[in-house]
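Novice: with the sequence up front, the predicted model follows.
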Amino acid sequence: MALVEINNVHKSFGAVEVLKDVSLSVEEGEIVTIIGRSGSGKSTLLRCINALEPINSGRITIEGQQVAAGMRNLKELRQRVGIVFQAFNLFPHLKVERNITLAPTLTGRVSKREARALALECLTKVGLAEKIDAFPEQLSGGQQQRVAIARCLAMRPHLMLFDEVTSALDPELVGEVLKVMEDMARQGMTMILVTHEMNFARNVASKIVFMHQGRVWEEGPPSKLFTNPQTPELKAFIGSTRHN
Amino acid sequence: MRSLSTIDLIAFATGLQYTLLLVLMALAFGAPFGLFLALLRTANMAVLRWASALFLQVVQAVPLLALLMFFYFGLPVFLGIQIPALAAVTVAFTIYTAVFLGEIWRGGIEAVKQTQWEAAASLGISRWQQFRYVIAPQAFKIALPATVGFLVQLIKGTSLAAVVGFIELTRAGQLASAATFQPLLVYSVVAAIYFAICFPLTLWSRNLETRLNGSR
């Protein structure tokens, strides 16, 4: 059984239908990269997976459990599905350590005494152990994003969602974040990411999903999609991204 | 007729104690109620938001003096019982405090970005925990200058309790004025006392505003 099953999902914001009959399945350990122009529905799809956006119809299941906005086990489900945002969204009033340990301690995963060790362990994975006592505003954008990743890792998620996590970064800071994500991919984390980093998509992803006008337009392994696009829309999209 | 004497100053001190007692009671009961209203105003359920907005609009549109009159003179007529002055004014000031703090704190809560709720929710903590640990500390910092500013309004507002015969600082001043026929002197002293309490608070509020906004 696939880790994530998305079946015939429709989603509208008011009169605008942003997801039209989207289906997708993600196996454990897969790295799925969703690409497409802005407005194609890729971020919305990602946000539907952990019910940050409710869907209008269709069905999303994670590890066999159906996702719904008002579901009883929503908290428990979100603890298994980490999401990293474009704008980092760290808690500015809390130190890095507390940013990471807040949810694990509140949900009773670790005691207050074990919390610092957990923070240190997760920060080490993103190469920022020395920033444990800093406040977010003292960090660069790339460092903030790596802390945001560490914050997710502290919940020991089964699945990680990345929503254009390098788009708000200065170009020279993108690499450090991508490197952390590559490490995670190598360690077998199941990941779904929306990105404009075509090289990353090409080299790390096990599957590419091209979205266009709210639909999954094409999907397949990067070797096939990038070298041999089937639709004119994907061809045009790849052409438009080649220069960057 | 007699001149302003130590007795009057003692009476002012006693009146001042009641002024401060009123402020403390209004805060003790009004602040939790205000927080509750702020939470309703920012709730996910539309019904809660509307109901609390309606309540706030109605109460805010009523002058504080009218609230005091209602609870001291009006309510006994409806209920057929005499309410002690302290209870009546405490209820009136509690409601007054709750609606104003409720709106100030709502503003603070709404000033915290929606993405902070989202980030907290995505970590799988409860809505209350999201508020308590992520939103409230940030909202409090934003709302603190306005909250202290309201405190000044509240302290001055307690003088209205004089009209229902509650002997706080202003009422003590009225009595002293009647006894001495020196209203100018008496009320100057009373005003000076209010000023001595409120002015530092105003300075503090202004100071907080520059400091907290500077660090955001």
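Specialist: Noted; the coordinates are in hand.
Novice: where does pLDDT dip in chain A?
Specialist: For chain A, applying pLDDT under 70 flags the ranges A:242-244.
Novice: near chain B, which residues of it show up?
Specialist: Residues of chain A lying close to chain B (CB under 8 Å from any CB of the partner chain) are A:50, A:52, A:75-83, A:85, A:87, A:89-93, A:102-103, A:106-107, A:151-152, A:155. Bear in mind the C-beta positions are built from the backbone N, C-alpha and C, glycine included.
Novice: can you get me a residue count around the residue lying closest to residue B:51 once chain neighbours are set aside?
Specialist: Counting by CB to CB, 6 or more residues apart in numbering or on different chains, residue B:51 lies nearest to residue B:40, which is 7.1 Å off, once chain neighbours are set aside. Residue B:40: 20 surrounding residues under other CB atoms under 10 Å in any protein chain shown.
Novice: do residue B:7 as well
Specialist: If you count neighbours by other CB under 10 Å, residue B:7 ends up with 11.
Novice: show me the contacts for it.
Specialist: Applying CB atoms under 8 Å, 6 or more residues apart in numbering or on different chains to residue B:7 gives no contacts.
Novice: where does it sit: helix, strand or coil?
Specialist: helix (DSSP: H, G, I helix; E, B strand; the rest coil).
Novice: for the helix or strand bottoming out on mean pLDDT in chain B, buried residues please.
Specialist: Lowest by mean pLDDT, DSSP states H and E among the helices and strands of chain B is helix B:75-79, with a mean of 84. By neighbour count with 16 or more other CB atoms under 10 Å in any protein chain shown, helix B:75-79 contains the buried residues residue B:75.
Novice: can I take it that residue A:219 is in a strand?
Specialist: Yes - counting by three-state DSSP, residue A:219 is part of a strand.
Novice: return the backbone torsion pair for the closest residue to it other than its chain neighbours.
Specialist: With CB to CB, 6+ apart as the criterion, residue A:219 has its nearest non-adjacent residue at 4.6 Å, and that residue is residue A:209. Main-chain torsions, residue A:209, degrees, to the nearest 10: phi -120, psi 120.
Novice: and for the closest residue to residue A:229 other than its chain neighbours, the neighbour number?
Specialist: Distances taken as CB to CB, 6+ apart place residue A:235 nearest to residue A:229, at 4.7 Å, with adjacent residues excluded. Residue A:235 sits with 12 neighbouring residues when counted by other CB under 10 Å.
Novice: now name the helix or strand holding residue A:235.
Specialist: Element membership of residue A:235, judged by DSSP states H and E, is helix A:232-241.
Novice: which residues touch residue B:36?
Specialist: B:98, B:102.
Novice: doesn't it belong to a helix?
Specialist: Yes - counting by three-state DSSP, residue B:36 is located in a helix.
Novice: hmm, back to that, list the buried residues for the helix holding residue A:235?
Specialist: Under the neighbour-count criterion of 16+ other CB under 10 Å, helix A:232-241 has A:233-234, A:237-238 buried.
Novice: ok, stretch B:100-111 next?
Specialist: So for stretch B:100-111, counting by 16+ other CB under 10 Å, buried means B:100-109.
Novice: same check on stretch A:188-208?
Specialist: Going by neighbour count (16+ other CB under 10 Å), the buried part of stretch A:188-208 is A:189-195, A:197-198, A:200-201, A:204-208.
Novice: same check on stretch A:174-181?
Specialist: For stretch A:174-181, a neighbour-count test (16+ other CB under 10 Å) marks A:174, A:176-178, A:180-181 as buried.
Novice: reformat the buried residues of stretch B:100-111 as CSV; add secondary structure.
Specialist: Formatted as CSV, the buried residues of stretch B:100-111 follow (three-state DSSP):
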residue, secondary structure
B:100, helix
B:101, helix
B:102, helix
B:103, helix
B:104, helix
B:105, helix
B:106, helix
B:107, helix
B:108, helix
B:109, helix
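Novice: dihedrals phi and psi, residue A:16?
Specialist: phi -90, psi 120.
Novice: now do the SS call for the nearest residue to residue B:180 once chain neighbours are set aside.
Specialist: Of all residues not flanking residue B:180 in the chain, residue B:4 sits nearest, at 5.2 Å (CB to CB, 6+ apart). Assigned by three-state DSSP, the conformation of residue B:4 is coil.
Novice: what's the local residue count around residue B:4?
Specialist: Using other CB under 10 Å, residue B:4 has 16 neighbouring residues.
Novice: what does the one 10 residues further on give?
Specialist: Around residue B:14 sit 14 other residues, with neighbours defined as other CB under 10 Å.
Novice: distance check, residue A:67 against residue A:23.
Specialist: Taking CB to CB, to the nearest Å as the measure, residue A:67 falls 14 Å from residue A:23.
Novice: who's more crowded, those two?
Specialist: residue A:67 (23 against 14).
Novice: that one touches residue A:77, doesn't it?
Specialist: Yes - shown here, residue A:67 and residue A:77 form a contact pair, counting by CB atoms under 8 Å, at 6.5 Å.
Novice: so for these two, which residues contact both of them?
Specialist: Residues touching both residue A:67 and residue A:77 (CB under 8 Å, 6+ apart) are A:50-51.
Novice: can you tell me which helix in chain A is longest?
Specialist: helix A:171-186 (DSSP state H).
Novice: who does the helix or strand hosting residue B:65 touch, helix- and strand-wise?
Specialist: If you go by DSSP H and E, residue B:65 is part of helix B:64-69. Using 3 or more CB pairs under 8 Å, 6 or more residues apart in numbering or on different chains; DSSP states H and E, the elements in contact with helix B:64-69 are helix B:85-111.
Novice: after the helix it packs on, which helix or strand is next?
Specialist: For helix B:85-111, the following helix or strand on the C-terminal side (DSSP H and E) is helix B:114-122.
Novice: what residue ranges in chain B score low on pLDDT?
Specialist: Residues of chain B that meet the criterion pLDDT under 70 lie in B:1, B:213-216.
Novice: can you pull up the most central residue in it?
Specialist: For chain B, the residue sitting closest to the mean C-alpha position, by CA atoms, centre = their mean, is residue B:97 at 3.5 Å.
Novice: for the closest residue to that one other than its chain neighbours, give its distance to chain A.
Specialist: Spatial nearest neighbour of residue B:97, chain neighbours left out: residue B:30 (2.8 Å); criterion: CB to CB, 6+ apart. According to CB to the nearest CB, to the nearest Å, residue B:30 stands 26 Å off from chain A.
Novice: ok, residue B:30 - contacts?
Specialist: With contacts defined as CB under 8 Å, 6+ apart, the neighbours of residue B:30 are B:93-98, B:101.
Novice: can you tell me the helix or strand for residue A:89?
Specialist: Of the helices and strands defined by DSSP H and E, none includes residue A:89.
Novice: er, residue A:23 actually
Specialist: Per DSSP H and E: strand A:16-26 holds residue A:23.
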